[in-house]
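**Q** mind folding the following:
(one chain, ligands or ions: 2)
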Amino acid sequence: MTATSTPQPADIKFNPKKCSLDKDTNELTSNYTYENIVFDENNQFDTISTNYKFKVDLSKPKSLGILLVGLGGNNGSTLFSTVKCLQNNISFHNGKFNTTKEPLYGSMTQCSTIKLGVDAQGNDVFVPFKDILPMMDPSNFIVHGWDINNSNMAEAIERSQVLQYDLIQNLKPFVEKTRPMPSIYYPDFIALNQNDRVNNISNSTQDPQKWQDLQRIRNDIKTFKHENHLDQVIVLWTANTERCVEIIPGINDTSENIMAAIKNNHQEISPSNIFAIASILEGAPYINGSPQNTFVPGIIELAESRNVLIAGDDLKTGQTKLKSVMMQYLVDAGIKPVSIASYNHLGNNDGKNLSSHAQFRSKEISKASVIDDCIDSNKILYPDIELKEKDNHVDHCIVIKYVPAVGDSKVAMDEYYSELMLGGHNRISIHNVCEDSLLATPIIIDLLVMTEFFSRIKYTKVVDGIESTDFNEFYPILTFLSYWLKAPLTRSGFKPINSLNRQRLALENFLRLLIGLPANDELRFEERLV
Ligand SMILES: NC(=O)c1ccc[n+]([C@@H]2O[C@H](COP(=O)([O-])OP(=O)(O)OC[C@H]3O[C@@H](n4cnc5c(N)ncnc54)[C@H](O)[C@@H]3O)[C@@H](O)[C@H]2O)c1
Ligand SMILES: O=P([O-])([O-])O[C@@H]1[C@@H](O)[C@H](O)[C@@H](O)[C@H](O)[C@@H]1O
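**A** Ligands and ions are numbered 1, 2, ... in the order given. This next block holds a predicted model:
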C-alpha cells in the first residue's frame, strides 16, 4: 500500500510477524497483546496483559442495505440523494463551477487519513482511512426507509432546502419514483407541531395495535432484504427526536417485559422502541441518530441475547463535536472551565420539533453529557465533582431556538469561561454557522460504513498459548462508534468517553492492530534521541 493508492483486497499490506492471511477464506488474522495498567483499592498497580487473535473477513458485501427511519427528512433525503449522486455520477452547477464527483467532505472514513509510520527520512506517512482494510463504498449502499409523510424523494429534497437548486433538478429523475414506506405514529412522542406532516402511517392513532406494528416493521425489513438480494441491512433512526420514555420496572426493564408491554399496547412503548426491537429480531444492527432513550434496559438485553450490534445516541455534528475538542484542550492544558454557555438556533423541521419542551429535553440531556469525562479526568481542577458546588463543576447551559428564516443553517454561539492562575480569566467565544444536514449526512455514512466493517471482525482470547477455536463477535453495544455520537450508549458498568481525540485514537489503533501494527504514539525517537 502506498500513501496515495487505493488498494484492492489483494493489495492489503500487513505485518507478517503478527498477521496471516487465509487465502481460502479471505480472512486476515492478527495477534495482539492488550496491556493495561490496573490499580487496586490501595492504589498499587500492575500491568495486565491479555493476548487476543482478531480475524477480519476481507470480503465486503457487494451491496449494503440501509433502512432509514425518517427517510423523507432533511438528513434522510440528503443521504438518499448523496448515494444517488455517487451511483449515477450526477454533476451540478455549483454557482461558478460544474462539479462532477462530490468528495464526501465531513466523512472521516472517506476523507481522512491515518498515520501508519515514518519514511527513511523520518517524515510521517499517512494513508486514507478507507484504504487500510476493505470497507464499504457508499455508492454500494441500497437506501430505503419509512416516513410518516408520503412525499416522494424529489418532493422531500425540495422541501428540505438543503441541496442546491441545480442539483435538485438533476437528481429528480433518479429519486422521484421512491416514496417512503408507511411508518408508525404514536402522537405522544414527537412534537404536536409535526401533526400536519402525518399522512403515511399504517397504525390507527385511536386504537394502537403495537404488536401488529412490530410484525409489520419486521416484515418490511425482511422484504427489503429479500427483494434486493442483500446479506446485511442496517437500520438507522433519523426521524424526529422523540421525548424520552419512562423506565418502568415490569414494563421496559427486561426483554421479556418489553415484549409483553408491546402486546399490551403500553403507552411508554415508543415508535423508536418498535423499530429497534424489529431490527434486533431481524438480526439487523440498529443505530439511534437521535437523542431519545430508545435503548431501554429491555432492548439492550434483547440485543445482548441476539448478539446484534446497536449504537447511539444522537449524531455528534457541530456544536457538541467542537465542545468535545475544546473541553479536552482546556482541561488537558490545566485551564479550568467554569462555565459553558451554548446557544443554538436553526430553522429546519428538526428545529421546529425541538421547539417543544419534551423533545428539547431529550436533546438537552444528550448535549449536556459531553463534558463529563473531561471533568472526571482531572481532580486538580475539579476535586470532587459529587459536591456540585461552585468550585467543583462547570455551569453548562444549553439553549436551542427555532428561527425558521435561517432554514438548515445551524447557528451555534458558545462562550467558554475559564479560570487562569492568579485570579485571571480566559473567555473564548465561538460563532459557528454550518449546514446541519450536510454535517450530519457524512456522519451517518461513517456510522454505516463502520458498523458493516465491525460486523466482519471476530476475536478470540489466547490463554497460556492456547487459542479457543470459537471466535466471538463484539459485545453488541458498539462503543467504537462513539466518535460520531453525542451521548455514547455504553456497556453497563462503564462510563462513556466523549473527548474526540480519545475516541479517534481508539479507532486508529484498532485499525492498526488488525494489520499487525503497534499502537500509535508520538515518541518520535528518530528525532529526539541522539
Ligand atoms: N442534522 C444534524 O446535524 C443532527 C445532529 C444530531 C442529531 N440529529 C437528529 O436527527 C434527526 C433527524 O434530523 P432531520 O434534520 O433530518 O429532521 P427532519 O425533521 O427534517 O426529519 C425527520 C423526519 O422524520 C419523519 N418522522 C417523524 N416521526 C417518524 C416516525 N415515527 N417514523 C418515520 N418517520 C418519522 C418526519 O416526517 C421527517 O421527515 C433529529 O432527531 C435530529 O435531532 C440531527
Ligand atoms: O451536534 P450539535 O451541533 O451539537 O447539535 C445539533 C443541535 O445543536 C441542533 O439544535 C439540533 O437541531 C441538531 O439536531 C443537532 O443535535
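**Q** surely R502 is within a helix?
**A** Yes: secondary structure of R502 (DSSP: H, G, I helix; E, B strand; the rest coil): part of a helix.
**Q** strands of the stretch 1-150 of the chain, start to end?
**A** Taking DSSP state E, counting those that start in this stretch to define them, one finds strands in the stretch 1-150 of the chain at 19-22, 27-39, 45-57, 64-69, 92-94, 97-99, 113-118, 124-128, 141-147.
**Q** please work out the average pLDDT along the third one.
**A** If you average the pLDDT over strand 45-57, you get 94.
**Q** among the strands of the stretch 1-150 of the chain, which is nearest G283?
**A** Ranking those by distance to G283, with C-beta to C-beta as the measure, places strand 64-69 first at 12.0 Å. To be clear about C-beta, it is placed using only N, CA and C from the backbone, and glycine gets the same treatment.
**Q** what helices or strands is the closest one leaning on?
**A** Packing contacts for strand 64-69, counted by 3 or more C-beta pairs under 8 Å, 6 or more residues apart in numbering; DSSP states H and E, involve helix 74-88, strand 141-147, helix 210-227, strand 233-237, helix 271-281, helix 436-454.
**Q** now the ones you listed in a markdown table, with mean pLDDT, distance to N265 and mean neighbour count?
**A** Output for these, formatted as a markdown table (pLDDT from 0 to 100; distance: least, C-beta to C-beta, whole Å; neighbours: other C-beta atoms under 10 Å):
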| stretch | mean pLDDT | distance to N265 | mean neighbour count |
| --- | --- | --- | --- |
| helix 74-88 | 96 | 28 | 24 |
| strand 141-147 | 98 | 20 | 23 |
| helix 210-227 | 97 | 5 | 17 |
| strand 233-237 | 98 | 21 | 25 |
| helix 271-281 | 98 | 11 | 26 |
| helix 436-454 | 97 | 31 | 23 |
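**Q** which of the ones you listed sits closest to ligand 2?
**A** helix 436-454 (5.9 Å; C-beta to the nearest ligand atom).
**Q** so which elements touch the closest one?
**A** strand 64-69, helix 74-88, helix 108-111, strand 233-237, strand 286-288, strand 409-419.
**Q** what about the ones you listed, which gets the closest to ligand 1?
**A** Nearest to ligand 1, of all the helices and strands packed on helix 436-454, is helix 74-88, at 3.4 Å by C-beta to the nearest ligand atom.
**Q** quick revisit: I'd like the helices and strands packed on helix 436-454 as CSV, with distance to K363 appended.
**A** Below are the helices and strands packed on helix 436-454 laid out as CSV (distance: least, C-beta to C-beta, whole Å):
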stretch, distance to K363
strand 64-69, 17
helix 74-88, 15
helix 108-111, 23
strand 233-237, 14
strand 286-288, 13
strand 409-419, 12
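**Q** now distance to ligand 2 too, for the ones you listed, in a markdown table please.
**A** Formatted as a markdown table, the helices and strands packed on helix 436-454 follow (distance: least, C-beta to the nearest ligand atom, whole Å):
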| stretch | distance to ligand 2 |
| --- | --- |
| strand 64-69 | 15 |
| helix 74-88 | 9 |
| helix 108-111 | 15 |
| strand 233-237 | 12 |
| strand 286-288 | 13 |
| strand 409-419 | 6 |
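**Q** right, so of the ones you listed, which gets closest to N150?
**A** Nearest to N150, of all the helices and strands packed on helix 436-454, is helix 74-88, at 13.3 Å by C-beta to C-beta.
**Q** any idea of the angle the closest one forms with strand 141-147?
**A** Relative orientation of helix 74-88 versus strand 141-147 (axes from the mean of the first three to the mean of the last three C-alpha atoms, to 10 degrees): 150 degrees.
**Q** from now on call the first residue 490
**A** Fine by me, first position is 490 from now on; the one you just mentioned is helix 563-577.
**Q** got the angle for helix 563-577 vs strand 722-726?
**A** Orientation check (the same axes, to 10 degrees): helix 563-577 against strand 722-726 gives 140 degrees.
**Q** which strands or helices does helix 563-577 pack on?
**A** Contacting helix 563-577 under the criterion 3+ C-beta pairs under 8 Å, 6+ apart are the following elements: strand 553-558, strand 630-636, helix 642-649, helix 654-664, helix 925-943.
**Q** about what we covered before: winner for burial among the strands of the stretch 490-639 of the chain?
**A** Of all those, strand 553-558 has the most neighbours on average by mean count of other C-beta atoms under 10 Å, namely a mean of 26.
**Q** how about S971: what's its closest non-neighbour residue?
**A** Using C-beta to C-beta, 6 or more residues apart in numbering and skipping the chain neighbours, the partner closest in space to S971 is P977 (3.7 Å).
**Q** wait, is the one you found part of a strand?
**A** No: judged by three-state DSSP, P977 forms no part of a strand; its state is coil.
**Q** quick check, it in contact with I986.
**A** Yes: the pair P977 / I986 is scored as a contact, 7.0 Å apart, by C-beta atoms under 8 Å.
**Q** quick one: the lowest-mean-pLDDT helix or strand in the chain to chain centroid distance?
**A** Ranked by mean pLDDT, DSSP states H and E, the weakest helix or strand in the chain is strand 586-588, scoring a mean of 71. Distance, stretch centre to chain centre, for strand 586-588: 31 Å (C-alpha atoms, centre = their mean, to the nearest Å).
**Q** gap between the spatially closest residue to I723 that is not a sequence neighbour and ligand 2?
**A** Spatial nearest neighbour of I723, excluding adjacent residues (C-beta to C-beta, 6+ apart): P774 at 4.9 Å. Here the distance between P774 and ligand 2 works out to 22 Å (C-beta to the nearest ligand atom, to the nearest Å).
**Q** distance check, P774 against ligand 1.
**A** Separation of P774 from ligand 1 (C-beta to the nearest ligand atom) stands at 18 Å.
**Q** quick one, what contacts that residue?
**A** P774 is in contact with 723-724, 768, 797-800, 940, 944, 967, counting by C-beta atoms under 8 Å, 6 or more residues apart in numbering.
**Q** looking at those residues, spot the one nearest ligand 1.
**A** Lowest distance from ligand 1 to the contacts of P774 (C-beta to the nearest ligand atom) belongs to V724, with 11.4 Å.
**Q** the closest residue to that closest one other than its chain neighbours: what's it in contact with?
**A** Using C-beta to C-beta, 6+ apart and skipping the chain neighbours, the partner closest in space to V724 is S768 (4.1 Å). Contacts for S768 (C-beta under 8 Å, 6+ apart) come out as 710, 724, 774-775, 797.
**Q** if we go to 7 Å?
**A** Applying C-beta atoms under 7 Å, 6 or more residues apart in numbering to S768 gives the contacts 710, 724, 775.
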